[in-house]
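1. mind folding the following:
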Amino acid sequence: MAESTEMDQLLTAFKKFAVHGDTKATGKEMNGKNWAKLCKDCKVIDSKNVTSTDVDIVFTKVKAKTSRVITYEEFQKALEELAPKRFKNQSKEEALQSIYKLIEGKEPANVGVTKVAKTGTVDRLTDTSKYTGSHKERFDESGKGKGKGGREEIVEHTGYVGAYKNAGTYEEKTKAK
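-> Residues are numbered from 1 along each chain as shown. Predicted coordinates for the structure are as follows:
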């Protein structure tokens, strides 16, 4: 019973790494990049006994000649190849169990993924109340954008130059004479 639980956890880890970073992946096959990520994240690569080159060589060895991916069965063969190399002082069976324990229940790590900046600098740059000049005209008092009205100069066909102080007073001046 314990053996089947271990295999279920191994299959779950395989599926999680197989779909990592690929929206079209089904979880039945794993590419070389995700195989290398699995080995790195689960600490199969220790840089002494097993290197990234070893991982790539084993991947190439177990996959089908024309294929670019490995199935779950090929994945297990690859682990069987790496286990004695990673755990040199253990028997082949013990080494295989040890490598399974490294991988069971693991998920792809998202270390180094870019986060949204929440600093004062960004707040200062996006504060519309501090905008000046033509940029100030693009937002209302609440900071909401005016849309097209804020981007384009809307022409008023009054016959006066824009910002003329005495606009609309011509009629009054001519009537007075």
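2. ranges for the strands of the chain?
-> For the chain, the strands defined by DSSP state E cover 29-31, 69-71.
3. redo those strands as CSV? Include distance to Gly145.
-> Every C-beta, even on glycine, is put in place using the N, C-alpha and C of the backbone. Formatted as CSV, these follow (distance: least, CB to CB, whole Å):
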stretch, distance to Gly145
strand 29-31, 44
strand 69-71, 47
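4. so for stretch 15-33, mean pLDDT?
-> The pLDDT scores in stretch 15-33 average 87.
5. ok, now stretch 121-136?
-> 75.
6. could you export that stretch as PDB, CA atoms only?
-> Only the C-alpha atoms of stretch 121-136 are listed here, as PDB (Å, rounded to 0.1, in the frame of the first residue of the first chain):
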ATOM      1  CA  THR A 121       8.400  55.900  -6.400                       C
ATOM      2  CA  VAL A 122       5.700  54.200  -8.400                       C
ATOM      3  CA  ASP A 123       3.000  55.800  -6.200                       C
ATOM      4  CA  ARG A 124       4.600  59.200  -6.800                       C
ATOM      5  CA  LEU A 125       4.800  58.700 -10.600                       C
ATOM      6  CA  THR A 126       1.200  57.600 -10.900                       C
ATOM      7  CA  ASP A 127      -0.300  60.300  -8.600                       C
ATOM      8  CA  THR A 128      -2.300  62.500 -11.000                       C
ATOM      9  CA  SER A 129      -2.600  65.400  -8.600                       C
ATOM     10  CA  LYS A 130       1.100  66.100  -9.100                       C
ATOM     11  CA  TYR A 131       0.900  66.200 -12.900                       C
ATOM     12  CA  THR A 132       1.600  69.600 -14.500                       C
ATOM     13  CA  GLY A 133       1.300  71.200 -18.000                       C
ATOM     14  CA  SER A 134      -0.600  69.400 -20.700                       C
ATOM     15  CA  HIS A 135      -0.700  66.100 -18.700                       C
ATOM     16  CA  LYS A 136      -2.700  67.800 -16.000                       C
END
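7. thinking again about what came up before, hey, which of the strands of the chain is tucked in deepest?
-> strand 29-31 (a mean of 22; mean count of other CB atoms under 10 Å).
8. which elements pack onto that strand?
-> helix 2-19, strand 69-71 (3 or more CB pairs under 8 Å, 6 or more residues apart in numbering; DSSP states H and E).
9. now the longest one, how far from the centre of its chain.
-> Spelled out, it's helix 2-19. 24 Å (CA atoms, centre = their mean, to the nearest Å).
10. same thing with the last one?
-> Averaged C-alpha coordinates place strand 69-71 at 23 Å from its chain's average position (CA atoms, centre = their mean).
11. for this protein, what helix or strand is lowest in average pLDDT?
-> Every helix and strand of the chain was ranked by mean pLDDT, DSSP states H and E. The lowest is helix 148-151, at a mean of 66.
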